[in-house]
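Enquirer: sequence isn't available, so here's the structure alone:
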């Protein structure tokens, strides 16, 4: 069965037979999948009053384990966003009562961001629905295919110079 990318590749092979467009097919499919999958993730998170940016902060704090608090620097490193972006995200989450800021006892000038009980409930509920939605999104693949794809994508990510390992 041909997909949209196959038709594009067919056209390029006809028009530019001198070029190997196979990598374009792989990257084109990854880009199209990313768009589709991101849309589904956003839809699932929106049902919980979150978006991927707010979920990212809450999930990072939740994964840290009790007491679910991190410095802004640790949050920035884990989410790979700028300081200003993180400040805005934390401000919005504070205003909603999902996180709080507190003085860092180990750094008199620093602060820590902590997940509130309401934030923990919100992220746990969203995570449960997200895992279910994501399972549905990959259900067309057998467990062996999923494992193979994960291994292949990991190798590609690790070979990418910009890859940051966290």
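Expert: Sure, I can see it. A quick note: this is a predicted structure, and the numbers were derived from the prediction, not measured. Residues are numbered from 1 along each chain as shown.

Enquirer: strands along this structure, start to end?
Expert: For the chain, the strands defined by DSSP state E occupy 69-70, 99-104, 107-115.

Enquirer: state which helix of the protein is the longest.
Expert: helix 22-46 (DSSP state H).

Enquirer: so where is this structure shaky, pLDDT-wise?
Expert: Residue ranges of the chain with pLDDT under 70: 162-166.

Enquirer: mind listing the helices for it?
Expert: Counting by DSSP H, the helices of the chain are 4-15, 22-46, 52-63, 72-79, 83-95, 117-137, 143-158.

Enquirer: between the last one and helix 22-46, how many degrees?
Expert: Angle between the axes of helix 143-158 and helix 22-46 is 110 degrees (criterion: axes from the mean of the first three to the mean of the last three Cα atoms, to 10 degrees).

Enquirer: also the first one?
Expert: If you take the same axes, to 10 degrees, helix 4-15 sits at 160 degrees to helix 22-46.

Enquirer: helix 4-15 packs against which elements?
Expert: Contacts defined by 3 or more Cβ pairs under 8 Å, 6 or more residues apart in numbering; DSSP states H and E place helix 4-15 against helix 22-46. Just so you know, the C-beta spots here come from the backbone N, C-alpha and C atoms, and that holds for glycine as well.

Enquirer: and the contacts of the helix it packs on?
Expert: 3-6, 8-9, 12, 51-52, 54-55, 126, 129-130, 133-134, 137 (Cβ atoms under 8 Å, 6 or more residues apart in numbering).

Enquirer: go with 10 Å
Expert: Here helix 22-46 makes contact (Cβ atoms under 10 Å, 6 or more residues apart in numbering) with 3-6, 8-9, 12-13, 21, 50-56, 126-127, 129-134, 136-138, 153, 156.

Enquirer: could you turn the buried ones of the residues you listed into a PyMOL selection?
Expert: Selecting just the buried residues from the contacts of helix 22-46 in PyMOL takes one command, with 16 or more other Cβ atoms under 10 Å as the test:
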select buried, resi 5+9+21+50+53+54+55+56+126+127+130+133
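
Enquirer: ok, back up a step: which of the helices of the chain is buried the deepest?
Expert: Neighbour counts (mean count of other Cβ atoms under 10 Å) averaged over each of the helices of the chain peak at helix 52-63, with a mean of 20.

Enquirer: related to what we said a few turns ago, return the distance of the longest helix of the chain from the chain's centre.
Expert: 12 Å (Cα atoms, centre = their mean, to the nearest Å).

Enquirer: perfect, that will be all.
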